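Q: I'll drop the sequence and a predicted model, then ask my questions.
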Amino acid sequence: MDRFTWGVVAGAVALVVAGIVVVLVLRRAPGQHDLTRPEGVVLAYVEALDTGKPEDAWELLSRQLQGETTRDEFIRQATARFRTPRDGRVRIDSVAVDGATARVELSRTYSSGGGLFGPSSYSNSQSARLEQQGGSWRITVPPDDFFAMRTAPVRAPTQTAVVVTATPAPVAAASATPAVTAPGGPVATAGR
């Protein structure tokens with residue numbers, strides 16, 4: 001091989017190695033979110049549910065939310081609901097911190113493989129609320145509707161039975177005008 005060919009091969013190998021390094025550096029390993037910041041807690045929560053680790057998501061919930069259901073029930077329902085990993089791209093749109101509370105706005109973008117007009121994508125916006133508990137940020141309102149759809153202990157609706165009894169009115173035996181009776185008393189009298 002001549003020098004030019006070696007240069008092309010070396011350049012191609014260098015580009016491949018550089019691409020791998022960039023992917024490894026830019027791609028954040030799961031669980032590497034900054035949990036000292038509200039947006040880091042929200043991203044860790046979303047990632048835990050997306051990757052099938054509801055036990056990690058449970059740890060990021062506030063004591064109030066944890067008091068609304070058991071850990072086992074949360075994990076059971078999250079596992080059933082998020083059975084297949086969600087692969088949307090998550091982006092933090094805004095973070096508003098007000099003392100010990102915070103609101104994180106995020107959007108999730110999903111791509112579809114394509115259709116009649118080629119690949120497409122769609123986005124949805126979500127909001128999460130957090131508060132500091134014991135020096136850590138904890139989620140009080142999750143960014144998805146999981147808690148809104150969970151089944152809390154449901155009480156059967158109370159039903160009141162209404163019993164209606166009717167006593168027919170006495171009918172005169174030798175009446176010239178027969179009375180028409182209905183349950184509850186005479187309704188009308190038939191005339192000649």
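A: Nice, thanks for sending it over. Numbers count the residues shown, from 1 in each chain.
Q: run through the protein and note the low-pLDDT ranges.
A: 16-31, 83-87, 113-115, 118, 145-192 (pLDDT under 70).
Q: could you pull out the helices for it?
A: Per DSSP state H, the chain carries helices over the ranges 3-26, 38-50, 54-58, 63-68, 71-81, 146-149.
Q: deepest-packed of those, please.
A: Ranked by mean neighbour count, the helices of the chain are led by helix 38-50 with a mean of 22 (mean count of other CB atoms under 10 Å). All C-beta atoms are positioned from the backbone trio N, CA, C, and that covers glycine.
Q: check which helices and strands that one is in contact with.
A: helix 54-58, strand 89-98, strand 101-112, strand 120-133, strand 136-141 (3 or more CB pairs under 8 Å, 6 or more residues apart in numbering; DSSP states H and E).
Q: contacts for that helix?
A: 30-31, 33-35, 54-57, 60-61, 78, 82, 85-87, 90, 92, 95, 97, 102, 104, 106, 108, 128, 130, 136-139, 142-144, 146 (CB atoms under 8 Å, 6 or more residues apart in numbering).
Q: residue 39 and residue 47, how far apart?
A: Distance, residue 39 to residue 47, using CB to CB, to the nearest Å: 12 Å.
Q: ah, wrong one, I meant residue 70
A: On the measure of CB to CB, residue 70 and residue 47 end up 23 Å apart.
Q: what do you get for residue 94?
A: From residue 94 to residue 47 the distance is 19 Å (CB to CB).
Q: repeat for residue 107
A: For residue 107 relative to residue 47 (CB to CB), the value is 15 Å.
Q: ok, the closest residue to residue 91 other than its chain neighbours - contacts?
A: Closest residue to residue 91 apart from its sequence neighbours, by CB to CB, 6 or more residues apart in numbering: residue 107 at 5.4 Å. Applying CB under 8 Å, 6+ apart, we find residue 107 in contact with 90-91, 93, 123-126.
Q: residue 58 too?
A: Applying CB under 8 Å, 6+ apart, one finds that residue 58 lies in contact with 66, 71, 74-75.
Q: how about 6 Å then?
A: Residues in contact with residue 58 (CB atoms under 6 Å, 6 or more residues apart in numbering) are 71, 74.
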